[in-house]
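> kindly generate the corresponding structure for this input.
(chains A and B)
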Amino acid sequence: MTFKRPRGTRDMTPGLMLRMRYVTDILRDTAEIAGFLEVGTPTFEHSELFIERSGEEVVDQMYVFDDKGGRSLALRPEITASVMRLYSSELRSEPKPIKVFYIGNCFRYERPQKGRYREFWQFGTEIIGNDSPFANAELMTLAADGIDSIGVEDCLMRVGHVGVLRTLVNCLGLDEKADLMALIDKGAFDEIRALDKGDALVYLLEVEDVEEARELFDSTEFAQALPEEFMDRFEDLATTLALLEAAGVEHRMDLGIARGLDYYTGIVFEIDVPSLGAEKQVCGGGSYDLGDIFGVPGTKATGFAMGVDRLMLSVGDLDDASLKGSEVHVVPLLDEASGVALNVAGTLRDEGLRTVLNLSCPKPGKAIKQALNAGALGIVFIGEDELADSTYTVKDLDKQTQATVPGEKLIDTVQALYE
RNA sequence: GCCGGGGUGGGGUAGUGGUAUCCUAUGGGACUGUGGAUCCCUCGAGCCGGGUUCGAUUCCCGGUCCCGGCCCCA
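Sure, this is the predicted structure:
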């Protein structure tokens, strides 16, 4: 009987796991050094949590099930909803803003393809209690830093504002319909032009320069048609872009970012890695207000989520040996040396040295091949002679030298391999 | 959900209507307690189900999974 993985899931081989750790360790470090604190939430929640946040239609793409008590539960399709729940129940009296991050697996029932799995991993951050341009700019800086530190070469950050977009759509007399927003998000300009006043909308969407946009909106033609709060929103966007400029974060203004579901309220941004193909978005986020849903009205927040699996695909070749770190091998050459070998391995491990114990009591030549293939720095041999004299033979695989030393010199000799 | 391409040892492959090639990796051995070499041995395969056929890994149908794209993407 053989078993296969469920569709859309992945086995993490040691090599893949090293890459995953490489990505998540960097993201975690980036967030922690910026003062964000890690949180964790359940892998499954009441299904209503996600439905409340994202709408009934998400049920189609969720793993929903009843537990033995008849509760409707769902494997989490995202983590922001859980963090907001956590905030509203555990953290609401903490000083604002609250800056947290998470790393976790999520589940969506979708057609798997490159960069899209039914179980996938997200890294994300939330700033709760402040969705100012300053807060958004910090978040985007953090996102850009993380992706840059991972070593992703070719990526593009686009920044927009759904409030600005929706107002423009309304002022042009176009319906803010879901399918129109979908067309905008997709960048299907030809199809939009086919609509009444679609030309004008496309013209606005294609503006990439802040000053150009500002002059346009300040012009009498527009100023009369646009509601008062419009320019405030637009200035929020302009301020955010200026802050990104100051931070040295590469970006582009893009008023056409519509971001799927409609709880986003203000600044939104996405980061694409074009080389990934169809599923090229590695990061998405923006300002939202879910306070009403979670019983804390008026709670402004902003956050982003990154696709860890896609980031793993975006990194070039990584060297396994350097990912896992240096190691030394301890090799007993005969069964009687096993006890000493265990003891020596323990001593070296206490020093924080990655120590691999060879369990097969091989001949020296074979042990050397195994150690070389594993990329080890050196070998501690324990054979007949060493047992008799209470010594150890330490071989340096790089320099191709070796020395037989007494026990009290073992640690120093092995540590010298690392230099 | 839709369109297209695929599925042969652990990984990579060749060929074929008469059960399968080679490479590599794994395990063991030779080279006498010392360098990735070389050599020998071992292990191990046609996604699943049905059909056609004396016989199917090969041809046909269905399913499944993988890959690319569409839809969607919180």
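> please count neighbours and contacts with C-alpha atoms only from this point.
Will do.
> and A:Ile267, what does it touch?
A:133, A:136, A:159-163, A:236-237, A:286-287 (CA atoms under 8 Å, 6 or more residues apart in numbering).
> of these, which is the nearest to A:Ser149?
A:Asn136 (19.8 Å; CA to CA).
> the closest one: neighbouring residues, count only.
30 (other CA atoms under 10 Å).
> nearest residue to the residue of the stretch 101-250 of chain A found nearest RNA strand B in space, please, no chain neighbours.
Residue of the stretch 101-250 of chain A nearest RNA strand B, by CA to the nearest atom of the strand: A:Lys114 (3.2 Å). Leaving out its chain neighbours, the residue that sits closest to A:Lys114 by CA to CA, 6 or more residues apart in numbering is A:Glu279, at 6.8 Å.
> same question for A:Cys106.
Nearest one to A:Cys106, counting by CA to CA, 6+ apart, is A:Pro77 at 5.0 Å.
> wouldn't that neighbour be in contact with A:Gly104 here?
No - assessed by CA atoms under 8 Å, A:Pro77 is found out of contact with A:Gly104, at 10.5 Å.
> okay, the two: which has more neighbours?
A:Pro77 (25 against 19).
> please report how far that one lies from RNA strand B.
5 Å (CA to the nearest atom of the strand, to the nearest Å).
> turn the contacts of A:Ile267 into JSON lines, columns for distance to A:Leu204, secondary structure and pLDDT.
Below are the contacts of A:Ile267 laid out as JSON lines (distance: CA to CA, whole Å; DSSP: H, G, I helix; E, B strand; the rest coil; pLDDT from 0 to 100):
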{"residue": "A:Pro133", "distance to A:Leu204": "22", "secondary structure": "helix", "pLDDT": "97"}
{"residue": "A:Asn136", "distance to A:Leu204": "23", "secondary structure": "helix", "pLDDT": "97"}
{"residue": "A:Val159", "distance to A:Leu204": "15", "secondary structure": "strand", "pLDDT": "96"}
{"residue": "A:Gly160", "distance to A:Leu204": "12", "secondary structure": "strand", "pLDDT": "95"}
{"residue": "A:His161", "distance to A:Leu204": "13", "secondary structure": "strand", "pLDDT": "95"}
{"residue": "A:Val162", "distance to A:Leu204": "14", "secondary structure": "helix", "pLDDT": "92"}
{"residue": "A:Gly163", "distance to A:Leu204": "14", "secondary structure": "helix", "pLDDT": "92"}
{"residue": "A:Asp236", "distance to A:Leu204": "18", "secondary structure": "helix", "pLDDT": "96"}
{"residue": "A:Leu237", "distance to A:Leu204": "15", "secondary structure": "helix", "pLDDT": "96"}
{"residue": "A:Gly286", "distance to A:Leu204": "21", "secondary structure": "strand", "pLDDT": "94"}
{"residue": "A:Ser287", "distance to A:Leu204": "22", "secondary structure": "strand", "pLDDT": "95"}
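> the residue nearest to A:Lys114 and A:Pro112 touch, don't they?
No - at 10.6 Å, A:Glu279 does not count as touching A:Pro112 under the criterion of CA under 8 Å.
> what about stretch A:63-75, average pLDDT?
Averaged over stretch A:63-75, pLDDT sits at 95.
> could you tell me the end-to-end distance of it?
5 Å (CA to CA, to the nearest Å).
> kindly report the same for stretch A:68-88.
Per CA to CA, stretch A:68-88 runs 27 Å from first to last residue.
> show me the contact partners of that stretch.
A:39, A:41-50, A:53, A:62-67, A:102, A:104, A:106-108, A:122, A:124, A:126, A:290, A:294-296.
> tell me the buried residues in that stretch?
Neighbour counts using 16 or more other CA atoms under 10 Å place A:73-88 of stretch A:68-88 among the buried residues.
> and it, how far from the chain's centre?
20 Å (CA atoms, centre = their mean, to the nearest Å).
> where does the closest residue to A:Val39 other than its chain neighbours land in three-state SS?
Residue nearest to A:Val39 in three dimensions, not counting chain neighbours: A:Tyr102, with 5.5 Å by CA to CA, 6+ apart. Judged by DSSP: H, G, I helix; E, B strand; the rest coil, the three-state class of A:Tyr102 is strand.
> show me what A:Tyr102 is bridged to.
A:Gly124 (DSSP bridges).
> ok, it - contacts?
So A:Tyr102 contacts A:38-40, A:79, A:122-125 (CA under 8 Å, 6+ apart).
> for chain A, name the helix or strand with the lowest mean pLDDT.
helix A:220-225 (a mean of 78; mean pLDDT, DSSP states H and E).
> just how off-centre is that helix within its chain?
42 Å.
> again, but for stretch A:186-194
For stretch A:186-194, the distance to the chain centre is 31 Å (CA atoms, centre = their mean).
> can you check stretch A:223-230 too?
38 Å.
> neighbouring contacts of it?
Here stretch A:223-230 has contacts from A:164, A:167-168, A:171, A:217, using CA under 8 Å, 6+ apart.
> next: stretch A:26-45.
Contacts of stretch A:26-45 (CA under 8 Å, 6+ apart): A:73-76, A:79, A:82-83, A:86, A:99-106, A:123, A:125, A:142, A:145-147, A:149-150.
> is RNA strand B within reach of it?
No - Stretch A:26-45 does not reach RNA strand B (CA under 7 Å from any atom of the strand); its nearest approach is 12.1 Å.
> coming back round to it: give me the distance between the residue nearest to A:Cys106 and A:Phe120.
9 Å.
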